[in-house]
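> dropping the sequence and predicted coords here.
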Amino acid sequence: MPFSRYMEVGRIVLINFGPDKGKLACVIDIVDQNKCLIDAPPGQGIVRQVISFGRVALTDLTVKIQRNARQKTLEKAYADAGTLEKWEASSWAKKLASRSKRANLNDFGRFKVMVAKKQKAQIIATKLAA
């Protein structure tokens with residue numbers, strides 16, 4: 001399978017470092033070979049900013065926009081492409097959600113997970129022994 005994730009205008013990226021870590025943004029413009037201009041629709045909590053390529057992870061999602069698109073244009077393109085719904089349905093987003101859910105467990109929650117794992121292992125062991 002050929003490589004298909006290129007840094008391009010309209011590419012949806014996941015910010016993986018800094019105060020906006022874990023949020024989705026869209027590449028609005030390529031500044032140079034190390035930085036890009038990103039933005040997101042209102043309500044996402046991201047302001048238009050220049051960010052280094054090392055701080056973002058490319059997703060498979062893209063939207064049809066032109067260079068330096070306004071936020072209103074970007075919002076319409078997000079809605080037309082169904083970007084947020086596609087992201088929520090992806091295995092990457094589900095894995096991040098389960099990881100954050102597990103990280104936010106309290107002691108009793110971790111205990112319940114441990115007990116459930118033990119019960120599952122016991123059921124599997126009895127089925128294999130039979």
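Right, received. Where do you want to start? Computed from a predicted model, the values in this text were never measured in an experiment. Residues are numbered from 1 along each chain as shown.

> for this structure, give me the ranges with low pLDDT.
Counting by pLDDT under 70, not a single residue of the chain qualifies.

> which parts of the protein are strands?
Under the criterion DSSP state E, the chain carries strands at the ranges 11-15, 24-30, 35-39, 49-52, 56-62.

> name every strand pairing with the third one and say which way it goes.
This points to strand 35-39. In its sheet, strand 35-39 lies beside strand 24-30 (antiparallel), strand 49-52 (antiparallel), with partners assigned from DSSP bridges.

> quick one on the thing from earlier: out of the strands of the chain, which gets nearest to Arg110?
Taking CB to CB, strand 11-15 is the member of the strands of the chain nearest to Arg110, at 26.8 Å. Where C-beta positions appear, they are placed from N, C-alpha and C, glycine not excepted.

> what packs against that closest one?
In terms of contact count using 3 or more CB pairs under 8 Å, 6 or more residues apart in numbering; DSSP states H and E, strand 11-15 is assigned the packing partners strand 24-30, strand 35-39, strand 56-62.
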